[in-house]
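> Okay, predicted coordinates and the sequence, questions at the end:
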Amino acid sequence: MTAATTPTASGGGARAGTGAALLPSLYTDPALMPAEQELIFERTWQLAGHVSALPRAGRYTTARAGSQPVLVVRDGDERLRAYRNVCRHRGSRLLSGSGQCKGAIRCRYHGWTYRFDGTLIGVPEALAFGERLDKSTLGLLPVRVEELCGLVFVNLDPDATPLAELVGDLPERLARYRIEALEPFAQSDGGDGQPANWKIVVENYIEGYHIPIAHPGLMRMLDYKRYAVDVREHYVWFEAPLRAKPSANRLERAYARLVEPMPGLGEEDRRVWRYAFIYPNTTIDLYPDQVNTWQILPHGIGRTDDVFGSYRPADSSPRTRLVQWLNQRLNTLVLDEDVDLVDNVQQGLQTRGYVCGPLSRREQAVAWFADRIRADLAPAVASG
């Protein structure tokens, strides 16, 4: 889904970018991918899912931190624990998807078994290993895990700054949507993904300069002149009010007429779409009728994997479910338009002699993102 921006920033901690876009090579050079994994995805908080997937002891879910597989499980004390999703024996993936472990995590290859606290407790035919087997040194590899308003995040860096500290007042902005109480109603891994570098997909999401030209549906629905963006140190917040004038499009008009705010929201929230982007690759789309999440993951230098989740109140009325369907339909059309746009950019950035032009004030979040990427990749670029 696309968020639009205005040339203003507000609020404490607002941070503008330098105005310089990234070099084309940062989107097209496959030699940079190991550095991105090490310097970005292994050091930042990555969305792993929603707490609804982890309601009781033994429930687990799996995710990716860039290219690295992780698992999250709820232990017997109702704590969330996260680990690298790999058996310590010979590297088999332990779990897939989401589900229920029966008392422990058991590798389906050779049956090595781990407690939810990561301790190795079972090895078939253990005597055959002799003195080489020391269970105390072969527990699961731990990963940091935090919950933010019902969303579960993981971080491979044991020394990372806590997520709650990084995002500052974002939980206050999310609180009214009661994300922790919502239930999933649509999940997708994005199928074939998008034919562009992950950073192109992010930049397309965090700027609205292209909306009047590329998204006629959004332009009919949203009041482009009243869009607002608040660039913070580690996240960006967008506000996109709906137009008062009914759209000429039947589906858009029906959505605007039928939408009602979810529990916790007021009438002032009924006619505004809000978006949050958490660096480097997590989006949270906040609608009056539902909340959507999107994890933007690299899949090679020129492709992106999309992991989508949609959440709504459990007791949504038939009218509200129709509105949610309309929302999904309208945003699918926008996404289809965006896929074509980012494909064109990926191809264009490979043009010899191309140098990126200036960024407008409406692209201030792109400038901010470029600054963050440059800073994170500086060790690799300087040494390479």
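Now that the structure is in, tell me what you want to look at.
> only C-alpha atoms for contact and neighbour calcs from this point on.
OK.
> Secondary structure of residue 369: a helix, I assume?
Yes: counting by DSSP: H, G, I helix; E, B strand; the rest coil, residue 369 is found in a helix.
> how about the helices of this protein, start to end?
25-28, 33-36, 163-167, 170-175, 198-205, 211-214, 216-221, 250-258, 318-348, 364-383 (DSSP state H).
> Convert the third one to CSV, retaining C-alpha atoms only.
Output in CSV follows, covering the C-alpha atoms of helix 163-167 (Å, rounded to 0.1, in the frame of the first residue of the first chain):
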residue,chain,number,x,y,z
LEU,A,163,12.7,-1.5,20.2
ALA,A,164,10.5,0.4,22.7
GLU,A,165,13.4,2.8,23.2
LEU,A,166,14.0,3.3,19.5
VAL,A,167,10.5,4.1,18.5
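> what residues does that helix touch?
45, 146, 148, 234, 235, 278 (CA atoms under 8 Å, 6 or more residues apart in numbering).
> switch the cut-off to 7 Å
Contact with helix 163-167 is made by 45, 234, 235, as judged by CA atoms under 7 Å, 6 or more residues apart in numbering.
> swap in the first one?
Residues external to helix 25-28 that are found in contact with it (CA under 7 Å, 6+ apart): 197, 301, 302, 350.
> Neighbour-wise, give me the winner out of the residues you listed.
Neighbour counts for those peak at residue 197, which has 25 neighbours (criterion: other CA atoms under 10 Å).
> Return the per-residue confidence for that residue.
Looking at residue 197, its pLDDT is 98.
> Show the contacting residues for the closest residue in space to it that isn't next to it in sequence.
Counting by CA to CA, 6 or more residues apart in numbering, the nearest residue to residue 197 once its immediate chain neighbours are dropped is residue 302, at 4.5 Å. Residues in contact with residue 302 (CA under 7 Å, 6+ apart) are 28, 195, 196, 197.
> wait, isn't the last one in contact with residue 304?
Which is residue 197. Yes: proximity of residue 197 to residue 304 meets the contact threshold set by CA atoms under 7 Å, at 6.0 Å.
> Relative to residue 326, which of the contacts of helix 25-28 is nearest.
Comparing the contacts of helix 25-28 against residue 326 with CA to CA places residue 197 closest, at 29.3 Å.
> show me the contacts for that closest one.
Contacts of residue 197 (CA under 7 Å, 6+ apart): 27, 298, 301, 302, 303, 304, 346.
> Redo those residues as a markdown table? Include pLDDT and distance to residue 180.
Formatted as a markdown table, those follow (pLDDT from 0 to 100; distance: CA to CA, whole Å):
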| residue | pLDDT | distance to residue 180 |
| --- | --- | --- |
| 27 | 98 | 35 |
| 298 | 96 | 27 |
| 301 | 96 | 34 |
| 302 | 97 | 34 |
| 303 | 97 | 31 |
| 304 | 97 | 28 |
| 346 | 98 | 37 |
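> quick one: which of the residues you listed is nearest residue 240?
residue 304 (25.8 Å).
> Quickly list what that closest one is bridged to.
For residue 304, the beta-bridge partners are residue 194, residue 298 (DSSP bridges).
> Relative to residue 258, how far out is it?
In this view, residue 304 and residue 258 are 34 Å apart by CA to CA, to the nearest Å.
> for residue 84, same thing?
45 Å.
> More neighbours: those two, which one.
residue 84 (22 against 12).
> Hmm, residue 73 and the more buried one touching each other?
No: with contacts counted by CA under 7 Å, residue 84 stays clear of residue 73, the gap being 11.5 Å.
> quick one, what contacts the nearest residue to residue 310 once chain neighbours are set aside?
With sequence-adjacent residues excluded and distances taken as CA to CA, 6+ apart, residue 310 is closest to residue 292, at 4.4 Å. Neighbouring residues of residue 292 by CA under 7 Å, 6+ apart: 284, 285, 286, 309, 310, 311.
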